[in-house]
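[1] Kindly generate the corresponding structure for this input.
(one chain, ligands or ions: 1)
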Amino acid sequence: MNKYWVVANWKLNNTYSTAEEWLRFFYDTYTPSDRISVGIAPSFTELGLVSHTVKRNADLPVQIMAQDVSRFNVGKYTGEVGAFQLLEHGVSHCIVGHSERRQYFNESNDVINEKIERLLNYDITPLIAVSEIEQVQSVCEKGFDLSRLTWAYEPISAIGTGNPADPHVVASFLKSMNHLVGEDAYILYGGSVTAETVKPYLAFEQVDGFLVGGASVKANEFIDLLHSIL
Ligand code: PEP
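    Numbers count the residues shown, from 1 in each chain. Next comes the predicted model:
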């Protein structure tokens, strides 16, 4: 039976105070399961809060994640947040290559590969979001140690649209990804996953978990989703 990894990508949502409420509700309400590993990727402004709260509640392990990282290491790059800064917050994984970064910030495959390299230099695991096989190939061609990478397949038509992708199509894409990234690679599915839409994906062994946007912003919706996976 799969152990599912479920990641809350808050995107540009939540403030310090709504994040406090989110975390309080989460720790009060979520019934943990051995079959689920939870990750939270807040904005940088809430990273310290998430990090402190997760560390204080160590009996319910949660992975502290980031939504992005600078392609630069350190120095004169106003507004950037570097991998070494994420490390001090206990960040274990960082999303890179999200289609919103590609679309709104013109991030190319080259930029994404630079970010992956930065993260690996600090032992932070990249969670690489892809929507096309060509994007997977571009990462694989760089010669990274594939055992240090994790992935999320997120078809553009499914992200934030309320139209989750057909689970058969997802499973077949993940199979073709496995040929490139290895059978043991962790690959999540992302795209309009909610408590109502998640069930059909659980029938496919290729799906190792879910990257969740919209349904993670409110703690009760995220917890409903987690509970519906059990
Ligand atoms: C995402 O953007 O990573 C995502 C999966 O969003 P949503 O769940 O809202 O489709």
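[2] Is there proximity between stretch 203-222 and the ligand?
    Yes - interface with the ligand: stretch 203-222 contributes 211, 212, 213, 214, 215 (Cβ under 6 Å from any ligand atom). Bear in mind the C-beta positions are built from the backbone N, C-alpha and C, glycine included.
[3] residues contacting the fourth one?
    Taking Cβ atoms under 8 Å, 6 or more residues apart in numbering as the contact definition, residue 214 lies against 160, 192, 194.
[4] of all those residues, which comes closest to residue 225?
    The closest of the contacts of residue 214 to residue 225 turns out to be residue 194 (Cβ to Cβ; 6.1 Å).
[5] State the helix or strand in which the residue of the chain positioned farthest from its centre lies.
    Here the centre of the chain is the reference, and by Cα atoms, centre = their mean the most remote residue is residue 76, at 28.1 Å. Under DSSP states H and E, no helix or strand contains residue 76.
[6] circling back: tabulate the contacts of residue 214 (JSON lines), appending neighbour count and pLDDT.
    Output for the contacts of residue 214, formatted as JSON lines (neighbours: other Cβ atoms under 10 Å; pLDDT from 0 to 100):
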{"residue": "160", "neighbour count": "15", "pLDDT": "93"}
{"residue": "192", "neighbour count": "22", "pLDDT": "97"}
{"residue": "194", "neighbour count": "18", "pLDDT": "98"}
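[7] Run through the residues you listed and flag the ones next to the ligand.
    Among the contacts of residue 214, proximity to the ligand is found for 160, 192 (Cβ under 6 Å from any ligand atom).
[8] separation between residue 210 and residue 54?
    Note on residue 210: its distance to residue 54, by Cβ to Cβ, to the nearest Å, is 19 Å.
[9] mind listing what the closest residue to the ligand within the chain touches?
    Distances between the chain and the ligand by Cβ to the nearest ligand atom are smallest at residue 213, namely 2.3 Å. Neighbour list for residue 213: 9, 11, 159, 160, 190 [criterion: Cβ under 8 Å, 6+ apart].
[10] Identify the residue nearest it in space, chain neighbours excluded?
    With sequence-adjacent residues excluded and distances taken as Cβ to Cβ, 6 or more residues apart in numbering, residue 213 is closest to residue 9, at 5.1 Å.
[11] Neighbours of the one you found, how many?
    The tally of other residues near residue 9 (other Cβ atoms under 10 Å) stands at 25.
[12] how many other residues sit next to residue 13?
    Residue 13 has 17 neighbours, counted by other Cβ under 10 Å.
[13] what kind of secondary structure is it in?
    For residue 13, the assignment made with DSSP: H, G, I helix; E, B strand; the rest coil gives coil.
[14] wouldn't it be in contact with residue 217 here?
    Yes - with contact defined as Cβ atoms under 8 Å, residue 13 reaches residue 217; the gap is 4.5 Å.
[15] Please flag which of the residues of stretch 203-222 next to the ligand sit within strands.
    Mapping the residues of stretch 203-222 next to the ligand onto strands (DSSP state E) picks out 211, 212.
[16] Generate a markdown table for the residues of stretch 203-222 next to the ligand, with pLDDT as supplementary columns.
    A markdown table is the format used below for those (pLDDT from 0 to 100):
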| residue | pLDDT |
| --- | --- |
| 211 | 98 |
| 212 | 98 |
| 213 | 98 |
| 214 | 98 |
| 215 | 98 |
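[17] for the spatially closest residue to residue 123 that is not a sequence neighbour, what are its contacts?
    In space, residue 123 comes closest to residue 87 once its chain neighbours are excluded; the distance is 7.5 Å by Cβ to Cβ, 6+ apart. Going by Cβ under 8 Å, 6+ apart, residue 87 touches 122, 123, 124.
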